[in-house]
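Asks: Coordinates only, no sequence provided:
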């Protein structure tokens with residue numbers, strides 16, 4: 001009964017989705033969502049960096065006290081020193097992460113209302129994207 005794809009039911013909907021995808025209409029929504037996700041990730045990464053820094057400091061103190069108070073063979077001291085070097089490297093990464101993310105997380109804390117508003121805007125943009133994806137045109141007259 002239907003001869004071409006354009007005349008089949010739902011073909012116009014598929015065509016509208018294809019046109020929207022070609023124009024990149026949903027790109028803004030995805031970009032805003034990505035930015036807000038990075039904001040959330042930054043706060044958790046800062047928290048994890050503080051935890052890592054504390055663990056590295058505690059382990060450093062354990063190794064130093066062990067070296068100070070206990071007798072060790074040459075090889076045991078070498079292993080402890082190697083472990084100490086690795087811990088100090090991990091500590092440096094944690095400190096660099098804290099130094100990098102602290103200004104951003106401070107801004108996020110001070111501007112939490114703005115972040116909430118951006119999340120509301122994202123919700124509105126998603127609604128528009130859904131409307132556009134489901135948009136159909138019904139001809140006013142038949143030929």
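Replies: Sure thing, it's come through. Bear in mind the structure is a predicted one, so any value in this text is a computation, not a measurement. Numbers count the residues shown, from 1 in each chain.
Asks: Next one: residue 45, what pLDDT does it get?
Replies: Residue 45 carries a pLDDT score of 96 in this model.
Asks: can you count the residues close to it?
Replies: When neighbours are defined as other Cβ atoms under 10 Å, residue 45 has 17 of them. In this view, the C-beta of every residue, glycine as well, is placed from N, C-alpha and C.
Asks: quick one: what helix or strand has it in it?
Replies: Element membership of residue 45, judged by DSSP states H and E, is helix 27-69.
Asks: Please apply the same query to residue 127.
Replies: Following DSSP H and E, the helix or strand that holds residue 127 is helix 112-133.
Asks: Please identify the buried residues of that helix?
Replies: 122, 125, 129 (16 or more other Cβ atoms under 10 Å).
Asks: want to throw the residues you listed into CSV with pLDDT?
Replies: Below are the buried residues of helix 112-133 laid out as CSV (pLDDT from 0 to 100):
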residue, pLDDT
122, 88
125, 87
129, 82
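Asks: rewinding a little: let me know the angle separating the helix holding residue 127 from helix 27-69.
Replies: Interaxial angle, helix 112-133 versus helix 27-69 (axes from the mean of the first three to the mean of the last three Cα atoms, to 10 degrees): 140 degrees.
Asks: Could you name the helices and strands sitting against helix 112-133?
Replies: In terms of contacts (3 or more Cβ pairs under 8 Å, 6 or more residues apart in numbering; DSSP states H and E), helix 112-133 is packed against helix 11-23, helix 27-69.
Asks: for residue 138, helix, strand, or coil?
Replies: Three-state assignment for residue 138 (DSSP: H, G, I helix; E, B strand; the rest coil): coil.
Asks: pLDDT-wise, which helix or strand of this protein ranks last?
Replies: None of the helices or strands of the chain scores lower by mean pLDDT, DSSP states H and E than helix 11-23, at a mean of 51.
Asks: so what pLDDT did the nearest residue to residue 35 once chain neighbours are set aside get?
Replies: Among residues not flanking residue 35 along the chain, residue 118 sits closest, at 8.0 Å (Cβ to Cβ, 6 or more residues apart in numbering). Residue 118 carries a pLDDT score of 91 in this model.
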